[in-house]
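Engineer: here is my input; please provide its structure:
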Amino acid sequence: MANQIAMFCQTNPNGARHTADVADHINKYWDPRMRRQLVDVVAADAADDIHPLVRAAISAIRLPVELS
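Structural biologist: So this is what the prediction gives:
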């Protein structure tokens, strides 16, 4: 799903901030558990098919606050 968001942002003529748009969409609409899973998969290099815009956006994706 993240790859689809990246491909849309890449081809959208109004999407001047492609990487920021990917992170913004994921932060707004994805459940925190989904964001955590995506970040973990990219960090572990567990998927070869992650779109470059998704990889570039990872640092801007908000993670859930861990409660102790």
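Engineer: low-confidence stretches in the chain?
Structural biologist: Residues of the chain meeting the criterion pLDDT under 70: 13-17, 66-68.
Engineer: that one: strands as residue ranges?
Structural biologist: Counting by DSSP state E, one finds no strands in the chain.
Engineer: where exactly do the helices run in it?
Structural biologist: Counting by DSSP state H, the chain has helices at residues 2-11, 18-29, 32-43, 52-57.
Engineer: most neighbours per residue, which of these?
Structural biologist: Neighbour counts (mean count of other C-beta atoms under 10 Å) averaged over each of those peak at helix 52-57, with a mean of 19. Using the backbone N, CA and C atoms, a C-beta is placed for each residue, glycine as well.
Engineer: which strands or helices does it pack on?
Structural biologist: Where contact means 3 or more C-beta pairs under 8 Å, 6 or more residues apart in numbering; DSSP states H and E, helix 52-57 is packed against helix 2-11, helix 18-29, helix 32-43.
Engineer: closest one to Asp49 among those?
Structural biologist: Asp49 sits nearest to helix 2-11 of all these, at 7.0 Å, using C-beta to C-beta.
Engineer: now do that closest one: everything it contacts.
Structural biologist: Contact with helix 2-11 is made by 15, 18, 21-22, 25-26, 38, 49-54, 57, as judged by C-beta atoms under 8 Å, 6 or more residues apart in numbering.
Engineer: got the angle between that helix and helix 32-43?
Structural biologist: 80 degrees (axes from the mean of the first three to the mean of the last three C-alpha atoms, to 10 degrees).
Engineer: if we can go back for a sec, can I get the helices and strands packed on helix 52-57 in a markdown table with distance to Leu63?
Structural biologist: Shown next, in a markdown table, are the helices and strands packed on helix 52-57 (distance: least, C-beta to C-beta, whole Å):
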| stretch | distance to Leu63 |
| --- | --- |
| helix 2-11 | 15 |
| helix 18-29 | 10 |
| helix 32-43 | 6 |
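Engineer: between those helices, which gets nearest to Arg62?
Structural biologist: Once these are compared by C-beta to C-beta, helix 18-29 is nearest, at 5.1 Å.
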